[in-house]
Each structure stands twice: as structure tokens, then as C-alpha cells.
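structure here, sequence nowhere to be found:
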DNA sequence: TTTGTTGCAAAGGGTTTGCAGGAGA
DNA sequence: TCTCCTGCAAACCCTTTGCAACAAA
């Protein structure tokens, strides 16, 4: 119990950042949400004394650079942020009905990409994949 | 030769839109470019008497809805538009060196998606894939 | 004490809107 | 002629910046 608060975000200092309540708040909000949030939504959910919006922007940018979060542009053209559980290559699968988003570790595109390389002459170095569908819960609701 | 101009954009009227020089200009600029362009770039390239920027925005939005173009948000967070040659499901593969973009008709993700469905419990209904790499020309330049 | 962070307010800049005039059909 | 479309200017709104005060370390 000696150092409980420090253990909640060991990564901040490891990444050379100062550990501030604002940063911990933002990370906490991202951790607590099961779907992507807009900057303003994150800001509204921050504990007690809200920080300034610029602070949220500044830190979000940094977290994305650090690989701790990812920005997603939805079909509504609004930018939202999700926490990345894995810092390795992964994709997000979002339910179009309830918004819940899960992280997909398996990529499984390697073979398809090699095929495309042969077809196009390109050397594919990077890709972005966003998946949308209906989660198990919403599917069963719909079936009723 | 009787009706050459009309045959260049038969789709406008077929889609219930009036055939205006501004619309034809925008479509022409998109057709002439082998890479995604910003709204302002499209505007600058429009023949002679430039239209107003709002007109470009309004029509681009409509063309995207019609499936004739697609908006792409690059790593630089700038929105660009590409013409879609095919109105069926496809993806874009962009060279990170020269910007040239080709359309990839083959998707080849079906099997991977079915696997993900089994893993996640989701029913996947839609996906967006953006591919980046080095085109054949830029590869050989690099090899020299 | 040093230096990174925050908050505020203001600036910025891409995008949208309202409306009157203009042009397809 | 009847609408739809365009152009202009202004409004919008999300995001960024400058700077002084503050607080981690």
C-alpha cells in the first residue's frame, strides 16, 4: 500500500513526463471508457477540478505519439480517442449500434498484403484498418 | 463529335444533378490527379475562372455521398480527396514517397474477417483499410 | 532551484451557412 | 419559368499558440 498511486501510471515517468493530476485524469478517463471519446467528452469526465481544454489536447497528442492512445475519425467526421491496450500493431473493432470498441491483436492481413504487393508493385510498409460491426450483445437484442 | 462534352460526365445528370462547369471542373481535377488532393488544391487547379471554395466543399461532399470520391485523412491530419474509379468496395494504396495512389479492387480480407468474427463475437459489417508503401518507381530509385 | 506543465485568453484556420443573384433544364 | 446552384461574406467551431504563474522533481 506504500505506493499505490504511483503504481497506477508508472509509464508517465518512464516516458520522461512529469506525473501530474491532469495527465493521470486523462489516462483514467480513457481507461474507464469502452468506446472512443471526443476531446470534449474526455474533458468533461475528468475528475473534480476540470483542467483546461488545451491541456487535454496537448496531452492527448503526446499520448498518441507514445502509442498509449489512438485517434479515430468516424463516419461522422468527428475525431475521437481510444486507449490502446497493446503497444504493438493492432486494430479497433467498433460496434455500430452501442459504440463499444474492442482491440484486436490479431492482424491476419499478412498474406493478403503480400498478394497486393505482387499485384501492384508496391512494397507495403504500413496500413490502417478500422472495423465496424455489431457486438454480441447488440446482435442478440436485435434477434429478439 | 456531336455531343463530346456531354459524354464526359453523363453521371451528373443520371444522379439528378445539374451539369455545371464547376462540377465538371472538380471532377476533371480529380480525374487528372494520381494522388489525393486537399480542397484548396482542387480549387487552385480548377479551370480558368475559379469557383468559390464553398462550392468545392459542397460538391465534394456530394460526390463522396455518390461514391465518386473518397476522403482520406493522412498522417499529417489533413483531409484529402481521391476519385474512386470503382464504385464497388475497394481500397487505396498510397506511395509514402511520391504520393501516387492506386485503387485496389481486390480486398482479400474476407477470411481474416471471418476469423475475427469468431474471436470477438462481433458481426463485422464494414471496414476501412488504407495502405501505404513504396511504389515500384520509388523503390528502384532507392535501390540505386 | 530548475524546468516542464498548466490555465487563460486570444489567435488561427479550415469548414459551414445565409442569402441574393445567376444559370441549367 | 422554375428550381437548383453559385459566390460572397460572415459566422462557426475546433484546435493551437503565447505567456505568465505554478508545481513536479
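Okay, I see it. The structure displayed is predicted, hence computed values, not measured ones.

ok, residue A:33 to residue A:76 distance?
The gap separating residue A:33 from residue A:76 is 17 Å, by C-beta to C-beta, to the nearest Å. C-beta coordinates here come from the backbone N, C-alpha and C atoms, glycine included.

would you agree residue A:27 is in contact with residue A:63?
Yes - with contact defined as C-beta atoms under 8 Å, residue A:27 reaches residue A:63; the gap is 7.3 Å.

ok, and for the helix or strand hosting residue A:59, which residues are buried?
Using DSSP states H and E, the element containing residue A:59 is helix A:53-66. Within helix A:53-66, the residues that count as buried by 16 or more other C-beta atoms under 10 Å in any protein chain shown are A:55, A:56, A:59, A:60, A:63, A:66.

tell me the one of these nearest DNA strand C?
Among those, residue A:55 lies closest to DNA strand C (C-beta to the nearest atom of the strand), at 3.5 Å.

what sits against that closest one?
Under the criterion of C-beta atoms under 8 Å, 6 or more residues apart in numbering or on different chains, the contact list for residue A:55 reads residue A:22.

look up the pLDDT of it for me, please.
If you check residue A:55, the pLDDT there is 98.

if I look at it, how far off is DNA strand D?
Using C-beta to the nearest atom of the strand, to the nearest Å, residue A:55 is found at 9 Å from DNA strand D.

residue A:79: neighbour count?
Applying other C-beta atoms under 10 Å in any protein chain shown, we find 15 residues neighbouring residue A:79.

in the sheet, who's paired with it?
On the basis of DSSP bridges, residue A:79 is bridged to residue A:73.

residue A:96 contacts residue B:125, doesn't it?
Yes - using C-beta under 8 Å, residue A:96 is in contact with residue B:125, at 6.7 Å.

who's more crowded, the two?
Neighbours around residue A:96 and residue B:125, counted as other C-beta under 10 Å, are more numerous at residue A:96. The numbers are 16 against 12.

setting the sequence-adjacent residues aside, check what's closest to that one.
Nearest non-adjacent residue to residue A:96, counting by C-beta to C-beta, 6 or more residues apart in numbering or on different chains: residue A:132, 5.1 Å away.

for the one you found, give me its contacts.
Applying C-beta under 8 Å, 6+ apart to residue A:132 gives the contacts A:93, A:94, A:95, A:96, B:124, B:125, B:126, B:127.

separate out the buried members of those residues.
Buried members of those, counted by 16+ other C-beta under 10 Å: A:93, A:94, A:95, A:96, B:124, B:127.

list the contacts for the fourth one?
When the contact criterion is C-beta under 8 Å, 6+ apart, the partners of residue A:96 are A:132, A:133, A:134, B:125, B:126.

among these, which pair sits farthest apart?
Across the contacts of residue A:96, the longest distance by C-beta to C-beta is 10.3 Å; it joins A:134 and B:126.

isn't residue A:28 up against residue A:47?
Yes - between residue A:28 and residue A:47 there is a contact at 7.3 Å, judged by C-beta under 8 Å.

and which of the contacts of residue A:132 is nearest to DNA strand D?
residue A:94 (18.3 Å).

what's the closest non-adjacent residue to the residue nearest the centre of chain A?
Central residue of chain A (C-alpha atoms, centre = their mean): residue A:82, 2.3 Å from the mean position. Counting by C-beta to C-beta, 6+ apart, residue A:36 is the residue found nearest to residue A:82 once chain neighbours are left out, at 4.5 Å.

for the helix holding residue A:59, what is the distance to the chain centroid?
Between the centre of helix A:53-66 and the centre of its host chain there is 13 Å, according to C-alpha atoms, centre = their mean, to the nearest Å.

please apply the same query to stretch A:23-38.
9 Å.

buried residues in that stretch, which are they?
Going by neighbour count (16+ other C-beta under 10 Å), the buried part of stretch A:23-38 is A:23, A:24, A:25, A:26, A:27, A:28, A:29, A:30, A:33, A:36, A:37.

right, I'll call it a day here.
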